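S.K.: Just need the structure, nothing else, for what follows:
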Amino acid sequence: MSSGEQKELCGMIPVYKPAGWTSFDVIAKLRGILHMKRLGHAGTLDPMATGVLPVFVGKATKACDILPDSGKAYEAGFRLGLTTDTQDTTGRQLSVSDMPVSRSTVEKALEGFHGEIMQLPPMYSAVKVEGKRLYELARQGKEIEREPRQITVYKTELLDYDSTAREGRLFISCSKGTYIRTVIHDLGAAIGCGGAMTSLCRVRAAGFELSDCVTMEQLSEMPPEQAVRPLINAFEGMAKVRLDEHCTAMYKNGVKLGAHQVGLGRSFNRLFCVIGSGGELLGIARMDSAEGEIRAVRNFY
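M.R.: I've put the predicted structure just below:
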């Protein structure tokens with residue numbers, strides 16, 4: 001495949017991010033493998049984390065900031081009786097406790113981590129406060145006041161636990177924006193002994209499972225088009241409007257389409273996928289109820 005053809009790739013690659021790599025490291029490596037500059041990713045993973053990193057290719061990068069919150073899932077290792085400044089075992093130790101903790105105690109405390117809860121973003125995070133990334137301030141030894149944010153935890157499960165070592169592994173399914181190490185930190189605080197994350201693997205994101213992922217080694221050995229998945233996969237749960245050939249041509253030429261032309265009522269108030277006559281995802285749109293026309297939010301052609 002020529003470099004010109006490679007530039008036409010558009011879609012998503014579910015990459016398995018290895019430990020020790022930043023999400024940007026993955027993108028930088030892929031630029032060399034795919035010979036493309038237009039790449040992006042959804043859901044940054046810390047260097048110690050592994051697992052599903054959805055990478056957007058070509059024009060699909062325009063979807064990075066409008067993905068529906070389809071939820072993410074993680075398997076996380078933890079150790080009780082320890083707190084650190086990063087809320088994981090890579091950080092500076094802040095406190096140690098020898099308090100014994102039984103499995104039933106951990107399971108009881110986990111009951112408080114379901115549904116909509118408020119979470120205080122950790123200082124070692126990419127959250128911006130007054131234009132500064134929190135981790136930049138943390139590296140300067142500064143800690144500033146942060147506002148708690150509402151997150152949703154759909155499911156927590158204690159996969160295994162060693163009461164002697166006070167170490168175990170959790171499954172957590174949650175909304176985007178959830179910090180798993182903060183969940184563990186807060187779990188330790190709820191128990192009364194402190195807690196820190198020892199490992200993290202994201203097992204689901206943007207509709208992809210761990211089993212869907214390709215490694216960096218596999219990507220370097222396979223034709224790029226074999227790894228790229230259709231962008232529509234990321235919008236699986238969103239309403240879809242399919243256009244005929246005539247309306248597809250009109251839409252791509254920027255002609256406004258009326259609600260009656262696409263089979264929607266003027267009161268339809270959700271974002272929806274616009275699918276072309278060839279089955280391709282043309283864009284994400286909304287209904288302008290006042291004008292009775294569909295308005296593009298983001299196009300991918």
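S.K.: quick one, helices of the stretch 1-150 of the chain?
M.R.: Along the stretch 1-150 of the chain, the segments classed as helices by DSSP state H, counting those that start in this stretch run 3-6, 23-34, 103-110, 134-139.
S.K.: now do the stretch 201-301 of the chain
M.R.: Counting by DSSP H, counting those that start in this stretch, the helices of the stretch 201-301 of the chain are 216-221, 224-227, 245-252, 259-262.
S.K.: Of all these, which one is nearest residue 41?
M.R.: Closest to residue 41 of those, according to C-beta to C-beta: helix 216-221, at 13.4 Å. The way it works is simple: take the backbone N, C-alpha and C, and place the C-beta from them, glycine included.
S.K.: And the closest one, what's buried?
M.R.: 216, 219 (16 or more other C-beta atoms under 10 Å).
S.K.: next one: stretch 87-96
M.R.: Buried residues in stretch 87-96, counted by 16+ other C-beta under 10 Å: 87-91.
S.K.: distance between the ends of it?
M.R.: One end of stretch 87-96 sits 13 Å from the other (C-alpha to C-alpha, to the nearest Å).
S.K.: Contacts made by it with the rest, please.
M.R.: For stretch 87-96, contacts defined as C-beta atoms under 8 Å, 6 or more residues apart in numbering pick out 46, 48, 79, 81-86, 122, 124, 179, 181-182, 184-185, 194, 196-198, 200.
S.K.: Residue most distant from the centroid, the protein?
M.R.: What lies farthest from the middle of the chain is residue 246; by C-alpha atoms, centre = their mean that is 36.3 Å.
S.K.: can you tell me how far that residue sits from residue 261?
M.R.: 9 Å (C-beta to C-beta, to the nearest Å).
S.K.: again with residue 56
M.R.: To residue 261, residue 56 is 30 Å away according to C-beta to C-beta.
S.K.: what's the answer for residue 232, then?
M.R.: In this view, residue 232 and residue 261 are 21 Å apart by C-beta to C-beta.
S.K.: cool, and residue 291?
M.R.: Counting by C-beta to C-beta, the gap from residue 291 to residue 261 is 13 Å.
S.K.: ditto for residue 61
M.R.: From residue 61 over to residue 261 (counting by C-beta to C-beta), the distance is 29 Å.
S.K.: and residue 181, that one's in a helix?
M.R.: Yes. Secondary structure of residue 181 (DSSP: H, G, I helix; E, B strand; the rest coil): part of a helix.
S.K.: Around it, how many other residues sit close by?
M.R.: Residues lying near residue 181 (other C-beta atoms under 10 Å) number 27.
S.K.: Test my guess that it contacts residue 195.
M.R.: No. Judged on C-beta atoms under 8 Å, residue 181 makes no contact with residue 195 at a distance of 9.3 Å.
S.K.: What are the buried residues along stretch 277-289?
M.R.: For stretch 277-289, a neighbour-count test (16+ other C-beta under 10 Å) marks 281-285, 287 as buried.
S.K.: Quick one, grab the pLDDT at the residue farthest from the centre of the chain.
M.R.: Looking at residue 246, its pLDDT stands at 95.
S.K.: now it: how far from residue 296?
M.R.: 18 Å.
S.K.: How much space separates residue 26 from residue 54?
M.R.: In this structure, residue 26 and residue 54 are 11 Å apart, going by C-beta to C-beta.
S.K.: Between those two, which contacts overlap?
M.R.: Common neighbours of residue 26 and residue 54, counting by C-beta under 8 Å, 6+ apart, are 15, 41.
S.K.: Partner strands of the longest strand anywhere in the chain and their direction?
M.R.: Longest strand of the chain, by residue count under DSSP state E: strand 149-162. Here strand 149-162 is paired, per DSSP bridges, with strand 115-119 (antiparallel), strand 167-174 (antiparallel).
S.K.: Pick the most deeply packed of the ones you listed.
M.R.: Among those, the stretch with the highest mean neighbour count (mean count of other C-beta atoms under 10 Å) is strand 167-174, at a mean of 19.
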